[in-house]
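Undergrad: Build me a model from this:
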Amino acid sequence: MELSILLTSHHRMLSVAAILDVFQSVNRYFSDLGKEPFFRIRLIYGEGEVKNMGYDAVGVHMSEVQRTDLVLVPAFASEDIRTLVEANLDLTRWLCIQHGQGVEIASFCTGSFLLAASGVLNGKKATTHINATTAFANSFPNVLLQSREILTEDGGVYTSGGATNSFHLMLHIIKKYCGVDAAIYISKMFAIDMDREQQACYGTFTPNRDHGDELVKGIEQYIREMYPQIQTIEEIVNEVPASRRNMVRRFKKATGVTPIVYLQKVRLEAAKKMLEQTNKSVMEIMLDIGYRDEKSFRKLFRKNTGTTPVSYREKFRGVIWNA
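TA: Below is the predicted model of the structure:
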């Protein structure tokens, strides 16, 4: 199978290295069984990348690629995704052509932004790094974003969530083309748990802080400082010299979410931190962050993290307390 890995401009080197390591390990698995390596691995570069950068694989310019079966798009190495996508416009056009020829394409983490910019994801399900989902949704409204999912497959196009979720997509591809035995072998070799179902609990609220709207920045600061006491959106409106409608419009344009959602997420981040680092009960934490209805709090917590407060504490508290 012809496997092409894109060397995008400003790609995350660790992402490419992980992809190479996994699929080269698959080839060794088949070689140890006395069979031919399953994948023929190549690095494909556009105008922005003209060398292998030390990777252990053959490098080929995209213009020289006559045929491939599967293209893998690694994560980007910067949070300035818009600029990075613009620096890779030649590759977006190439991806669009490849997809039109029936080539399957998979992106890892923020590599999904490049796929979306190419139009390949329009009308298709996709995911990305959990902390980049708001930016993704605002930039690509025609994509059916599945923010909780660790991976998606839709019409020959695959995407994965962030960081270690990339390994789950690789396992999915290996299982599909190489069989269950090969997938299990790789999962054991790289110590990858095969039962992860969603990525919502790994997210951290990171709103855009570089929007330049001073009015919105003032509202954000007020929410971060006063979130335990704020009860209604009117309390926020009263603190700024603008109408409610105008304030909400400007706030969402700048941060990607409404003021009330921003308040909810700030509170939930505080709750998550307390669950991780304190012995306070769920009721105490709920009251500390400004909620009074336990049923509503638990429902909101599950909606945003995909799990209950107790399960969240069990999952993450041990990382800190057992260190």
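Undergrad: Find the nearest non-adjacent residue to Phe140, please.
TA: Nearest non-adjacent residue to Phe140, counting by C-beta to C-beta, 6 or more residues apart in numbering: Ala116, 4.2 Å away. The C-beta positions use only the backbone N, C-alpha and C, and glycine is treated the same way.
Undergrad: Return the residues in contact with that neighbour.
TA: Applying C-beta atoms under 8 Å, 6 or more residues apart in numbering to Ala116 gives the contacts Asn122, Ala126, Phe136, Ser139, Phe140, Val143.
Undergrad: How about Asn165, nearest residue that isn't a chain neighbour?
TA: Nearest residue to Asn165 in three dimensions, chain neighbours excluded: Ile150, at 4.4 Å (C-beta to C-beta, 6+ apart).
Undergrad: any idea how far the one you found is from Gln198?
TA: Applying C-beta to C-beta, to the nearest Å, the value for Ile150 to Gln198 is 6 Å.
Undergrad: How about Ala116?
TA: Counting by C-beta to C-beta, the gap from Ala116 to Gln198 is 21 Å.
Undergrad: where in this structure is pLDDT low?
TA: 48-53, 194-195, 318-323 (pLDDT under 70).
Undergrad: any idea how it splits into domains?
TA: 2-202, 214-321 (automatic domain parsing).
Undergrad: Highest mean neighbour count across the ones you listed, which stretch is it?
TA: domain 2-202 (a mean of 19; mean count of other C-beta atoms under 10 Å).
Undergrad: Name the helix or strand for Thr159, please.
TA: If you go by DSSP states H and E, Thr159 is part of strand 157-160.
Undergrad: Other residues contacting that strand?
TA: Counting by C-beta under 8 Å, 6+ apart, 99, 104-109, 112, 115, 120-121, 124, 126-128, 150-152, 166, 168-169, 172-173 sit against strand 157-160.
Undergrad: where exactly do the helices run in the stretch 101-250 of the chain?
TA: 112-118, 133-139, 165-178, 180-189, 214-226, 233-237, 244-255 (DSSP state H, counting those that start in this stretch).
Undergrad: Give me the helices and strands touching the fifth one, please.
TA: What it means is helix 214-226. helix 233-237, helix 244-255, helix 259-277 (3 or more C-beta pairs under 8 Å, 6 or more residues apart in numbering; DSSP states H and E).
Undergrad: Select, out of those, the one closest to Ile19.
TA: Comparing the helices and strands packed on helix 214-226 by their distance to Ile19 (C-beta to C-beta), the top pick is helix 259-277, with 30.8 Å.
Undergrad: Give the next helix or strand downstream of the closest one.
TA: Next along the chain after helix 259-277, taking DSSP H and E as the criterion, comes helix 282-288.
Undergrad: Contacts for that following helix next, please.
TA: 228, 270-271, 274-275, 278, 280, 292, 294, 297-298, 309-310.
Undergrad: Please export the C-alpha coordinates of it as CSV.
TA: Extracted in CSV, the C-alpha atoms of helix 282-288 (Å, rounded to 0.1, in the frame of the first residue of the first chain):
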residue,chain,number,x,y,z
VAL,A,282,-18.8,17.8,44.7
MET,A,283,-21.4,19.8,46.6
GLU,A,284,-18.8,22.1,48.1
ILE,A,285,-17.1,22.6,44.7
MET,A,286,-20.5,23.4,43.1
LEU,A,287,-21.2,26.1,45.7
ASP,A,288,-17.7,27.5,45.5
